[in-house]
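Participant: Based on what follows, work out the 3D shape:
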Amino acid sequence: MLGAVNRLLDRLRGAVGLLYREAIKFGVVGAVAFVVDVGLMNLLRATVLEDKPTTAKVISASVATVVAWLGNRSWTFRHRHNRPVAHEALLFFATNGVAMLIGVGTIAFSHYVLDLKTLAADNVANIIGIALGTLFRFWAYRTFVFTKAEIYEDSSPLGTP
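Facilitator: Predicted coordinates:
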């Protein structure tokens, strides 16, 4: 009986440790993608797409999605590969398409409905949209995209995997 309880506790510790490592890695990859997204959106919004914040957001989010795909596939969720790359990529980009719609919708609402048309207002809306999209993405990646997980004994927060 005690052995079964210890095995159950070890499995629970492994699952919590895995979730913790995934969340940390997801945050690091997300921070890089965030810089790409916000930086490129601001560059586009301040130059060639000055009057088109939603178009700037679509472009910046698309580039950031490629960055996130590379980071999450090769580092964050590398232990969860359970389907062909093309299928996984399709699910990943579809998930990010939904997250992009959340971000674009937030900017469109702020810019066109609330008539908040300054660069600062677009940035606030962008950050809110990114935050909402990030919550959706973490859930969707674990649920639909990178579904198979192996429990590792490594207890370090950024250890392998």
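Participant: Check which helices and strands the helix or strand where residue 132 lies sits against.
Facilitator: Residue 132 belongs to helix 119-140 when assigned by DSSP states H and E. Judged by 3 or more CB pairs under 8 Å, 6 or more residues apart in numbering; DSSP states H and E, helix 119-140 is in contact with helix 2-46, helix 53-71, helix 85-108. No exception for glycine: its C-beta is placed from N, CA and C like everyone else's.
Participant: what's next to it, contact-wise?
Facilitator: Identification of contacts with helix 119-140 by CB atoms under 8 Å, 6 or more residues apart in numbering yields 23, 26, 30, 34, 37-38, 41-42, 45-46, 53, 57, 95-96, 98-100, 102-107, 109-111, 114, 116.
Participant: Narrow those to just the buried residues.
Facilitator: Among those, those classed as buried by 16 or more other CB atoms under 10 Å are 26, 30, 34, 37-38, 41-42, 45, 53, 57, 95-96, 99-100, 102-107, 110-111.
Participant: what's the burial count for residue 113?
Facilitator: Close neighbours of residue 113, defined as other CB atoms under 10 Å, add up to 8.
Participant: Would you check the distance separating the lowest-mean-pLDDT helix or strand in the chain from the middle of the chain?
Facilitator: In the chain, the helix or strand scored least confidently by mean pLDDT, DSSP states H and E is helix 2-46, which has a mean of 85. Relative to the mean C-alpha coordinate of its chain, helix 2-46 is positioned 9 Å out (CA atoms, centre = their mean, to the nearest Å).
Participant: again with stretch 123-138
Facilitator: 9 Å.
Participant: mind listing what's buried in it?
Facilitator: So stretch 123-138, judged by 16+ other CB under 10 Å, has buried residues 123, 125, 126, 128, 129, 130, 133, 134, 136, 137, 138.
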